[in-house]
Structure formats: structure tokens, C-alpha cells
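In: Quick one: sequence and predicted model below, then my questions.
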Amino acid sequence: MDLHLAFVWIAVLAVASALLAALLWMRSQARHAADREDLDEAFLFSPERYQSMGALLSGEDEDVLASLPGYRPEIGVRFHRDRRRIFRMYLRDLRRDYHLLHAQARRLAAHAGADSSALIGMLLRQQVTFWWANAMLESRVALHAVGASPVDVRALVDSVERMRIDLTRFETAQST
């Protein structure tokens with residue numbers, strides 16, 4: 001009988017813990033959604049922030065490093081790997097910036113009513129362009145890891161900048 005009562009208490013505690021965890025998770029999601037909306041409203045994309053991405057995987061720094069006294073191949077391997085890791089951090093931020101711009105554009109389209117067809121077309125074109133440039137960049141980063149040519153990020157950054165410009169034009173047209 002005592003064993004049965006212990007199992008009942010364990011089950012009650014497990015259910016209560018699961019409910020509490022779910023409640024806390026839902027509360028944090030609501031808070032993060034509000035934070036994202038605030039961030040979306042104040043967001044300004046700056047392509048200059050991503051200028052250094054190209055230099056990270058250019059290979060020039062690796063050549064200089066290899067010419068220094070005390071250089072060992074394992075230093076170059078680690079340097080190469082760390083630069084790709086930093087590059088991927090920039091790439092993650094660039095994708096986040098794209099998603100923020102895209103969320104702003106979707107909100108504009110939702111509130112534009114019948115005039116949103118141009119914006120929806122622009123959104124679709126920009127999304128295809130961005131994901132294509134992203135896929136090409138990812139493949140080049142993978143090839144760079146095995147010694148292929150430098151990686152050019154301009155196409156991806158330019159696609160986000162074009163989206164920002166188109167979005168600004170549409171916002172301006174809507175406000176007049």
C-alpha cells in the first residue's frame with residue numbers, strides 16, 4: 001500500500017512539474033514575441049556591419065600567418081576553423097536581419113489590404129533570391145573548408161539590402 005501511495009505522489013508531482021514548466025515556457029514565449037515586435041519596429045539593416053565577412057575567409061591573413069616564425073600547420077588549421085566559425089556567426093546574424101526585414105514586410109502586407117499585391121510579389125522574389133544566395137554561400141563555405149577559393153558574401157548582403165530598400169519604398173508609398 002505504501003508503494004502505491006508513493007507512485008501516486010510521484011505521478012502528481014510529475015504532472016504538476018510539467019504544468020509549471022509549460023506555463024513558464026508559454027510566458028517566456030509571449031515575452032520573447034513582444035521583444036521581437038519591439039525589435040522589428042526599431043530595426044535598421046546596415047550592410048556595412050557585414051563588410052568584414054569577406055576578409056574572414058579571403059586567405060590573405062592565413063598567408064601572413066604562415067610566413068611568421070614559429071608557424072606550424074596545426075596553427076593554420078585552427079586559424080582556418082576559427083575564422084569559419086566567426087564567419088558563420090556573422091551569417092547567422094545576417095539571416096536574423098533578413099528575417100526581421102521579412103517580418104516587417106509581412107506586417108505591412110497584412111495591413112496594406114488590396115494594395116499589397118506588389119509587396120507580396122516583392123516578398124516572394126526577395127525570399128527566393130535570399131535563399132538561393134544563402135544556399136550558394138553555404139556551399140562555398142563548405143568548399144572553403146577543404147581548401148577551395150575565397151567566399152564572396154556580397155550577393156547575400158545585397159539581397160538583404162535590396163529588400164530593405166524595397167521595403168522603405170513601399171512604406172513611403174503607403175504613407176503618402
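Out: All right, it came through fine. This one's a predicted model, so the numbers in the text were calculated from it and none came from an experiment.
In: For this structure, just list every one of the helices.
Out: 2-42, 52-56, 60-67, 73-112, 117-145, 154-175 (DSSP state H).
In: Export only the CA atoms of the shortest one, formatted as PDB.
Out: Backbone C-alpha positions of helix 52-56 (Å, rounded to 0.1, in the frame of the first residue of the first chain) are rendered in PDB as follows:
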ATOM      1  CA  SER A  52      34.400  42.200 -42.700                       C
ATOM      2  CA  MET A  53      32.800  38.800 -43.600                       C
ATOM      3  CA  GLY A  54      34.600  38.700 -46.900                       C
ATOM      4  CA  ALA A  55      38.000  39.200 -45.300                       C
ATOM      5  CA  LEU A  56      37.400  36.400 -42.800                       C
END
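In: what's the spacing between it and its chain's center?
Out: How far helix 52-56 lies from its chain's middle: 17 Å, per Cα atoms, centre = their mean, to the nearest Å.
In: Give the buried residues for that helix.
Out: Going by neighbour count (16 or more other Cβ atoms under 10 Å), the buried part of helix 52-56 is 53, 56. C-beta coordinates here come from the backbone N, C-alpha and C atoms, glycine included.
In: ditto for stretch 154-162
Out: Those buried within stretch 154-162 under the rule 16+ other Cβ under 10 Å are 156-157, 159-161.
In: Same check on stretch 132-139?
Out: When burial is assessed from 16+ other Cβ under 10 Å, stretch 132-139 yields the following buried residues: 133-134, 137.
In: Report the backbone C-alpha coordinates of that stretch in CSV.
Out: Extracted C-alpha coordinates of stretch 132-139, given in CSV (Å, rounded to 0.1, in the frame of the first residue of the first chain):
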residue,chain,number,x,y,z
TRP,A,132,19.3,31.0,-53.4
ALA,A,133,22.2,33.3,-52.4
ASN,A,134,22.3,31.7,-48.9
ALA,A,135,22.5,28.1,-50.4
MET,A,136,25.3,29.2,-52.8
LEU,A,137,27.2,30.8,-49.9
GLU,A,138,26.7,27.7,-47.7
SER,A,139,28.1,25.5,-50.4
